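Asks: fold the following for me, if possible:
(one chain, ligands or ions: 2)
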Amino acid sequence: MEAIRVVVRVRPREEQHSVLVPSNKRGVNKSITVLPDPSKLPDDAKFGQKSARLTVAISSGTYEGQEFRFDQVFGPESTQEELYQTVSPLVDAAVNGFMSTVFAYGPTGSGKTYTVSGIPGQPGIIPRAVTQMFERINEAASSSQSLAFMVFLSYTEVYNEAFYDLLSPTFDASHRVPSYKIQLRDSHQRGVYLTGSPTLRTPVTSAQQVLSLIAKGNVQRATGATNLNERSSRSHAILTLDIECQDSNRGGGMSRMGRINLIDLAGSERVGLSGVEGERMTETQT
Ligand SMILES: Nc1ncnc2c1ncn2[C@@H]1O[C@H](COP(=O)(O)OP(=O)(O)OP(=O)(O)O)[C@@H](O)[C@H]1O
Ligand SMILES: [Mg+2]
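Replies: Ligands and ions are numbered 1, 2, ... in the order given. Reported below is the predicted structural model:
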């Protein structure tokens, strides 16, 4: 598996949403054509040809006349299910002890949250990944009695360069001060992780439980926001699932640990501004 894959999704053009596309961004979604490129299909293309395209052509704006190639390109007609096929192998790998991270990157209104979380009736990456993960765990546990799995959930938000634990019962709804002093740590055994709140490592046993915790976290996130869209556009949401597996045939110690991070980044035009002192000050004051 490659170390990094870049997959592009072109969202459908809908006038009713165009208000979400910043007016200073030229060429967003108005001039992109996804080119068929069947001779260059990736070896692992298992799904429809329309979603196995690799090149986008830009017909107006700053990049007029240029073509860009990616590991995979999904056109405006692509479905949530097709897009998910790029993530599905990472979920299997996490159950088998590997680590991976999926970032959704793009300007405000480009479809990051739609792709990562989805909308009712059109589930995105997170609900599909959580469901698949527990299916795989249950399959593995029932085919080998010696295996015992433990799964830990963390759901955080990064806003104004501070972490917020969205699962914390004492979450500070005003969002001004983190409810706990959450800090990044790095260890050989666990990799990069956060400390400072017990719910940063919430044990979970079913997909349903994870999805209901995420829903509660989203309510917390919304509670302190004067304008939810505005806030979600300016913060990163980070969902982490750690899968630990013990094999009693191998002496009972932890035999492998996998992890998948699913990240809905702040609108990319906001990230560009986040280093600016004045912008940070405005953010904390609003
Ligand atoms: N592929 C798609 N098909 C149908 N609707 C979409 C698609 N992508 C995005 N949308 C719709 O467009 C709107 C904006 O998308 P979304 O909220 O996902 O943007 P975003 O990238 O998360 O923006 P922000 O940076 O502000 O959080 C939403 O109403 C969403 O449902
Ligand atoms: Mg969003």
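
Asks: not counting its neighbours along the chain, what's nearest the residue in the chain positioned nearest to ligand 2?
Replies: Closest approach between the chain and ligand 2, counting by Cβ to the ion: residue 113, at 3.2 Å. No exception for glycine: its C-beta is placed from N, CA and C like everyone else's. Taking Cβ to Cβ, 6 or more residues apart in numbering as the measure, residue 113 lies nearest to residue 264, with 5.6 Å between them; neighbours along the chain are not counted.

Asks: in the sheet, who's paired with that neighbour?
Replies: According to DSSP bridges, residue 104, residue 237 are recorded as the beta-bridge partners of residue 264.

Asks: hmm, back to that, so the residue of the chain closest to ligand 2, which of the three states?
Replies: helix (DSSP: H, G, I helix; E, B strand; the rest coil).

Asks: doesn't residue 64 lie inside a strand?
Replies: No - in this structure, residue 64 is coil, not part of a strand, as judged by three-state DSSP.

Asks: find me the pLDDT at it, would you?
Replies: Residue 64 is assigned a pLDDT of 85 by the prediction.

Asks: make sure it is actually in contact with residue 58.
Replies: Yes - applying Cβ atoms under 8 Å as the test, residue 64 and residue 58 come out as touching, 6.0 Å apart.

Asks: who has more neighbours out of those two?
Replies: Set side by side, residue 64 and residue 58 show unequal neighbour counts under other Cβ atoms under 10 Å, the larger going to residue 58 at 17 against 12.

Asks: and the more buried one, what does it touch?
Replies: For residue 58, the contacting residues are 27, 31-32, 64-68, by Cβ atoms under 8 Å, 6 or more residues apart in numbering.

Asks: most neighbours out of these, which is it?
Replies: The member of the contacts of residue 58 that has the most neighbours, counting by other Cβ under 10 Å, is residue 32 with 22 neighbours.

Asks: for residue 96, see how far away residue 56 is.
Replies: For residue 56, the distance to residue 96 (Cβ to Cβ, to the nearest Å) stands at 33 Å.

Asks: more neighbours: which of those two?
Replies: Set side by side, residue 56 and residue 96 show unequal neighbour counts under other Cβ under 10 Å, the larger going to residue 56 at 20 against 13.

Asks: what about the closest residue to residue 181 other than its chain neighbours, distance to residue 99?
Replies: If you skip the residues right next to it in sequence, residue 181 has residue 196 as its closest partner in space, 5.1 Å away by Cβ to Cβ, 6+ apart. Taking Cβ to Cβ as the criterion, residue 196 is separated from residue 99 by 22 Å.

Asks: got it, and residue 233?
Replies: As judged by Cβ to Cβ, residue 233 and residue 99 stand 28 Å apart.

Asks: higher neighbour count, the two?
Replies: When residue 233 and residue 99 are compared on other Cβ under 10 Å, the one with more neighbours turns out to be residue 233, at 18 against 15.

Asks: which parts of the stretch 51-200 of the chain sit against ligand 1?
Replies: Applying Cβ under 6 Å from any ligand atom, we find that the stretch 51-200 of the chain lies next to ligand 1 at 106, 108-114, 119.

Asks: residue 245: helix or strand, and which one exactly?
Replies: strand 236-247 (DSSP states H and E).

Asks: wait, the residue nearest to residue 113 sits on residue 117?
Replies: Yes - applying Cβ under 8 Å, one finds residue 264 in contact with residue 117, separated by 6.9 Å.
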